[in-house]
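*Asks:* Model the structure of this input:
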Amino acid sequence: MGTTRDRPLAAFSLVFGLGMLAYGLVEYRDFIADDAYITLRYARHWLAGLGPVWNPGERVEGYTSFLMLALVTALGSLGLDLVVAARLVNWVSLVALVLFLIAFLRSRARGVGASELAAALPVMLVAGSFPLAIWVWGAMEGPLFAFLCTAGLATTLTLLERPAGWRRALTAGVALALAVLTRPDGALFLGFAGIALASCIPAHGRPAARQLMIVALTSAAILAPHLAWRFSYYGAWLPNSVVAKTTGLPAGLSEPGLSYVVDFLLLPPFVALLGFGGLVLALSKAPRDRGLYLLLASTVVYPALVARVGGDYLPAARFLTPLIPLFGLLLFRGLVVVLRAASWRSAAAVVAGLGLLILQPYYFAKQEIVDPAEVVGTIIGRHIADKWAPGTLVALHTAGSTPYFAPDYVYIDMLGLNDAHIARRRVEEPRSRWHRLPGHTKGDARYVLERDPDIIIAGPAGGTTIERPWFLSDFEMAREKVFRERYRLRVERIAMPRRGDFMTFTYYQRVPR
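*Replies:* Next up is the predicted model:
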């Protein structure tokens, strides 16, 4: 075990990391993502007895996370506000993640005779990372996904070293299966864990085969019923949101995806880069360590897939934030090599960690931690709920906040996340920078017009004229004779009492026949 002189440094590091977490949570408490309201609209309808649907009577799986939806709905059934419920799930997930990392890394440090500081520094950097704090408030599934993936893969690491009891294998299987229910791409981590466990069978024989079987059967017991339910209820094997974001897309969208990954790597406190550094150090001492290769595959292939689909437009690396704890595990392995002796190294490591965390407020102060679609869409939704007749059929692109705050209406999601037809449209080329945004590439003006909406909101949440198109349906709408003949431009001014100002709401209204 490391020297007792490292214990005060380890304790100080943990306290400082938790202090930075508290600072980030207070600083970004007003942030919420527009897409979070998509899940919350499904939860509202489920609670109302309409089933998990976006529009009553239309079975389309437009939400990203079934587990998040189920947990929010359960909390909502207890009377909790749905936004509060989603954030509570993330709060609990983040607390569970930090406690798990503390317990897991301290146990690992004792097992290899390493300094307590080697365990404390990764926890400090992971817990103090502002992206995790930001996405607690964002009300999407990032912190939940981070906890489940970390718990599942970390438990798998212990199984790779030597066959353990059935409880650990069961824990790994449950955590990784729940990660898949949280995000479908969690299947990647489950697959990598299975491959790593299978590779142990030649060395450990029947005990290794038994624990692989437990993980596989546990995962199948959780995932197979859900998959069967999904197909029977929605009529599809994959969520509609996944189809819309990953299939039928034009070439060339990977360029912004690569930039997205690079930006994540350069995001303070640089846990990803430190993790890769820790990987190099650890491989130099243990080049055949299966656990290192499991973490390497998880932290390289997953970002590559994110780059392939174009990344994301939301702040603080939403898609890649769940990887931060995995990079923390890699950093721990490197620190085990570095911090075995010489107390000056311990002090230097703590100072470096503090400096990286302190960089964050300066870096994020220059970033716009806000989702404009949520801010404007909320105002528009409340305006619609106050002014328009219930049951109005509205075609729009902002599928989260506006439909959530104007619940008594039927909507056409012109980006296809909640529309099975538009999600399967093949698009040849993007026509604007807005059209290139991940998840914003689909559209089909003719299909929308065939549904005869009462209102069409072109472009962003507050609308735009068809002469200034944003998305595919806007471009196509301008060429449709039916649109020009049957829809008339309307412009309204919405008062902004807190600012003493107003905003413009632009939309097209169908002319009565």
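*Asks:* Could you use CA atoms for every contact and neighbour count after this?
*Replies:* OK.
*Asks:* what separates stretch 223-235 from the chain centre, distance-wise?
*Replies:* 22 Å (Cα atoms, centre = their mean, to the nearest Å).
*Asks:* list the buried ones in that stretch?
*Replies:* The neighbour-count check on stretch 223-235 (16 or more other Cα atoms under 10 Å) flags Leu223, Leu227, Arg230, Tyr234 as buried.
*Asks:* Any chance of the residues you listed in TSV with secondary structure as columns?
*Replies:* What follows is the buried residues of stretch 223-235, written out as TSV (DSSP: H, G, I helix; E, B strand; the rest coil):
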residue	secondary structure
Leu223	helix
Leu227	helix
Arg230	helix
Tyr234	helix
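*Asks:* Do a quick rundown of the strands in the chain.
*Replies:* Along the chain, the stretches classed as strands by DSSP state E are 393-396, 410-413, 455-456, 487-496, 501-510.
*Asks:* Please name the residues that touch Lys387.
*Replies:* For Lys387, no residue meets the contact criterion (Cα atoms under 8 Å, 6 or more residues apart in numbering).
*Asks:* ok, back up a step: of the buried residues of stretch 223-235, closest to Val53?
*Replies:* The closest of the buried residues of stretch 223-235 to Val53 turns out to be Tyr234 (Cα to Cα; 9.5 Å).
*Asks:* doesn't Gly62 make contact with that closest one?
*Replies:* No - if you go by Cα atoms under 8 Å, Tyr234 and Gly62 don't touch, sitting 10.2 Å apart.
*Asks:* rewinding a little: from the buried residues of stretch 223-235, which is closest to Leu359?
*Replies:* Nearest member of the buried residues of stretch 223-235 to Leu359, counting by Cα to Cα, is Leu223, at 41.5 Å.
*Asks:* Please name the nearest non-neighbouring residue to the closest one.
*Replies:* Ala177 (6.5 Å; Cα to Cα, 6 or more residues apart in numbering).
*Asks:* And for Tyr404?
*Replies:* Arg41 (5.5 Å).
*Asks:* OK, contacts around that neighbour?
*Replies:* Contacts of Arg41 by Cα under 8 Å, 6+ apart are Val53, Trp54, Gly400, Pro403, Tyr404, Pro407.
*Asks:* that older thread, tell me which of the strands of the chain sits most buried.
*Replies:* strand 455-456 (a mean of 24; mean count of other Cα atoms under 10 Å).
*Asks:* Is it possible to get JSON lines of the contacts of Arg41 that adds neighbour count, pLDDT and distance to Gly248?
*Replies:* Formatted as JSON lines, the contacts of Arg41 follow (neighbours: other Cα atoms under 10 Å; pLDDT from 0 to 100; distance: Cα to Cα, whole Å):
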{"residue": "Val53", "neighbour count": "23", "pLDDT": "98", "distance to Gly248": "24"}
{"residue": "Trp54", "neighbour count": "33", "pLDDT": "98", "distance to Gly248": "23"}
{"residue": "Gly400", "neighbour count": "25", "pLDDT": "97", "distance to Gly248": "23"}
{"residue": "Pro403", "neighbour count": "28", "pLDDT": "98", "distance to Gly248": "26"}
{"residue": "Tyr404", "neighbour count": "24", "pLDDT": "98", "distance to Gly248": "28"}
{"residue": "Pro407", "neighbour count": "21", "pLDDT": "97", "distance to Gly248": "31"}
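*Asks:* And the chain, split by domain according to the record?
*Replies:* 6-365, 372-510 (automatic domain parsing).
*Asks:* Distance from the longest one to the middle of the chain?
*Replies:* Same thing as domain 6-365. That offset, for domain 6-365, works out to 9 Å (Cα atoms, centre = their mean).
*Asks:* The residue nearest to Leu223 and Ala224 touch, don't they?
*Replies:* No - distance between Ala177 and Ala224: 10.1 Å, which falls outside the contact criterion (Cα under 8 Å).
*Asks:* who wins for proximity to Pro322 among the strands of the chain?
*Replies:* Proximity to Pro322 (Cα to Cα) singles out strand 410-413 among these, at 27.9 Å.
*Asks:* for the closest one, packing partners?
*Replies:* strand 393-396 (3 or more Cα pairs under 8 Å, 6 or more residues apart in numbering; DSSP states H and E).
*Asks:* run the last query once more with 10 Å
*Replies:* strand 393-396, helix 401-405, helix 420-423, strand 455-456 (3 or more Cα pairs under 10 Å, 6 or more residues apart in numbering; DSSP states H and E).
*Asks:* Not counting its neighbours along the chain, what's nearest the spatially most central residue of the chain?
*Replies:* Nearest to the geometric centre of the chain sits Gly142, at 4.0 Å (Cα atoms, centre = their mean). Using Cα to Cα, 6+ apart and skipping residues adjacent in sequence, the residue nearest Gly142 is Pro322, 5.9 Å away.
*Asks:* go on, Ser77?
*Replies:* Nearest one to Ser77, counting by Cα to Cα, 6+ apart, is Leu47 at 6.7 Å.
*Asks:* ok, now which ones touch the one you found?
*Replies:* Residues near Leu47 by Cα atoms under 10 Å, 6 or more residues apart in numbering: Arg41, Thr73, Ala74, Gly76, Ser77.
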